[in-house]
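just a sequence and a predicted model for now, questions to come.
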Amino acid sequence: VFGKMQNFIAVKDATTNKTYMHTPHISGGTTTNPNIVGVSTYDARRMGETPFILLSALFGFTGFEVETGNSFFADPAAVSAHTNSMKINDYFQKIHKRNSLDDKGMRLISTVHIGSKWNNAAWNGKQMLYGDGDGIILGSLAGGLDVAGHEMTHGVIENTTDLIYQDESGAINESLADIFGAYGEMYATGTVDWDMGEDIYTPNIPGDGGLRSLSDPTSVRLSTTYLPSGHYPDHYDDRYLGTLDRGGVHINSSINNKAAYLITDGGTHYGVTVQGIGRTKAEKIFYRALTLYLTPSSGFKDMREAAIQASRDLYKDRNGQPSPETAAVIAAYDAVGVP
Ligand SMILES: O=C(O)[C@H](CCc1ccccc1)CC1(C(=O)N[C@@H](Cc2c[nH]c3ccccc23)C(=O)O)CCCC1
Ligand SMILES: [Ca+2]
Ligand SMILES: [Zn+2]
């Protein structure tokens with residue numbers, strides 16, 4: 001859970017005499033004009049989840065400073081949230097030439113220890129929020145680099161297409177958060193990992209994957225009893241059509257997650273074979289689709305069309321034939337049954 005020590009600056013607030021962490025994080029840009037993005041991490045201890053979320057949504061409250069008593073460095077959740085936000089910011093800077101979540105260098109703000117044993121994390125429109133987990137289902141969610149990537153991608157989405165967080169557009173929102181959470185983690189760690197939250201899921205059971213799997217969504221059984229097939233869907237025909245989870249945004253996201261996995265790593269799915277094109281091409285296609293072609297109400301079919309168009313822009317058809325990259329996008333969406 002500890003992040004490696006970086007160039008932190010402990011800032012003492014003269015009035016409250018409390019210390020909190022700010023990091024003038026230089027990432028990307030040129031040496032003469034580095035994109036300095038501020039990073040701040042706060043501690044919400046002593047405040048329940050609901051009052052905190054209310055306060056932060058209403059008044060932009062970000063939480064209490066990291067008390068001088070339990071200093072920043074002694075708080076693994078604070079260190080992880082802080083360093084993970086810097087790593088994900090590096091990913092968006094270097095790979096997508098995006099200067100923080102709003103592309104205007106906005107400060108990256110995290111608050112840890114939200115609620116008591118809160119088994120979740122969130123983006124509240126302004127910042128990342130992390131619960132400590134109950135220690136059984138989940139450990140401290142700040143420990144998940146892919147979780148930080150997921151929440152920060154909600155920030156990117158809100159500052160770009162702002163996909164409506166409900167039903168199909170909500171599932172695409174969720175899926176892109178999982179996809180860039182995975183891509184950002186793979187970029188930062190240099191290892192291939194298609195699970196979401198594997199570092200924090202069931203801390204007492206090693207090797208049982210994460211909250212969701214992008215490579216095989218049906219392999220994760222967490223809270224799937226109410227789903228039609230009893231597991232997360234990997235085909236459009238198995239999508240959840242109920243009203244729970246805002247119309248299944250964390251459920252149907254798995255259909256598009258599977259498509260992204262197939263485009264990246266390839267595979268044969270329901271008899272359709274996809275030749276993978278690798279993360280460095282797939283991530284450009286999804287980023288271009290998100291920022292240029294999707295609209296707030298975009299659903300699965302629009303996602304397919306946006307990805308095909310983005311691929312055609314980047315990897316031109318040759319004598320009327322789709323490039324291998326575009327062929328992979330078409331085949332992947334065929335494989336998951338998105339027409
Ligand atoms: O960002 C999100 O989409 C999720 C935010 C959930 C939320 C929404 C509104 C108010 C507060 C919290 C948080 C994450 C999420 O996917 N939560 C799912 C899965 C989940 C988290 N904790 C759980 C415990 C049990 C079962 C399922 C879950 C959910 O809330 O459904 C994203 C990455 C990991 C946590
Ligand atoms: Ca992961
Ligand atoms: Zn999400």
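Everything's here; your move. Ligands and ions are numbered 1, 2, ... in the order given.

for burial, what's the neighbour tally of the residue of the stretch 51-200 of the chain found nearest ligand 2?
Nearest residue of the stretch 51-200 of the chain to ligand 2: residue 146, at 3.8 Å (CB to the ion). From N, CA and C alone the C-beta is placed, and that goes for glycine too. When neighbours are counted by other CB atoms under 10 Å, residue 146 registers 32.

what do you get for residue 280?
Other residues close to residue 280 by other CB under 10 Å number 11.

the one 10 residues further on now?
Neighbours of residue 290 under the rule other CB under 10 Å: 26.

also residue 75?
Neighbours of residue 75 under the rule other CB under 10 Å: 24.

what about the strands in this protein?
Secondary structure of the chain, counting by DSSP state E: strands at 9-13, 18-29, 34-43, 108-114, 121-123, 128-131, 195-196, 212-213, 267-269, 272-274.

wait, residue 186 sits on residue 180?
No - using CB atoms under 8 Å, residue 186 is not in contact with residue 180, being 10.4 Å away.

between these two, which one's more packed in?
residue 180 (29 against 20).

check contacts around that one.
Residues near residue 180 by CB atoms under 8 Å, 6 or more residues apart in numbering: 91, 149-150, 153, 156, 283, 286-287.

how much space separates residue 121 from ligand 3?
Going from residue 121 to ligand 3 by CB to the ion, to the nearest Å gives 9 Å.

mind listing what the residue most central in space within the chain touches?
In the chain, the residue lying closest to the centroid (CA atoms, centre = their mean) is residue 150, at 1.3 Å. Contact analysis of residue 150 by CB under 8 Å, 6+ apart lists 121, 177-178, 180-181, 196.

just the buried residues out of these, in ChimeraX syntax.
The ChimeraX command for the buried members of those (criterion: 16 or more other CB atoms under 10 Å) is given here:
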select :121,177,178,180,181,196
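
wait, which of the contacts of residue 150 is closest to residue 87?
The closest of the contacts of residue 150 to residue 87 turns out to be residue 181 (CB to CB; 11.6 Å).

also near ligand 1: which of the contacts of residue 180, exactly?
residue 150 (CB under 6 Å from any ligand atom).

please enumerate the helices of the stretch 151-300 of the chain.
Using DSSP state H, counting those that start in this stretch, the helices of the stretch 151-300 of the chain run over 167-189, 244-265, 279-288, 300-314.

want to throw those into CSV with mean pLDDT?
Output for the helices of the stretch 151-300 of the chain, formatted as CSV (pLDDT from 0 to 100):
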stretch, mean pLDDT
helix 167-189, 98
helix 244-265, 98
helix 279-288, 98
helix 300-314, 98
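
now render those helices as TSV, adding distance to residue 325.
TSV is the format used below for those (distance: least, CB to CB, whole Å):
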stretch	distance to residue 325
helix 167-189	16
helix 244-265	8
helix 279-288	6
helix 300-314	5
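
select, out of the ones you listed, the one closest to ligand 3.
Nearest to ligand 3, of all the helices of the stretch 151-300 of the chain, is helix 167-189, at 4.4 Å by CB to the ion.
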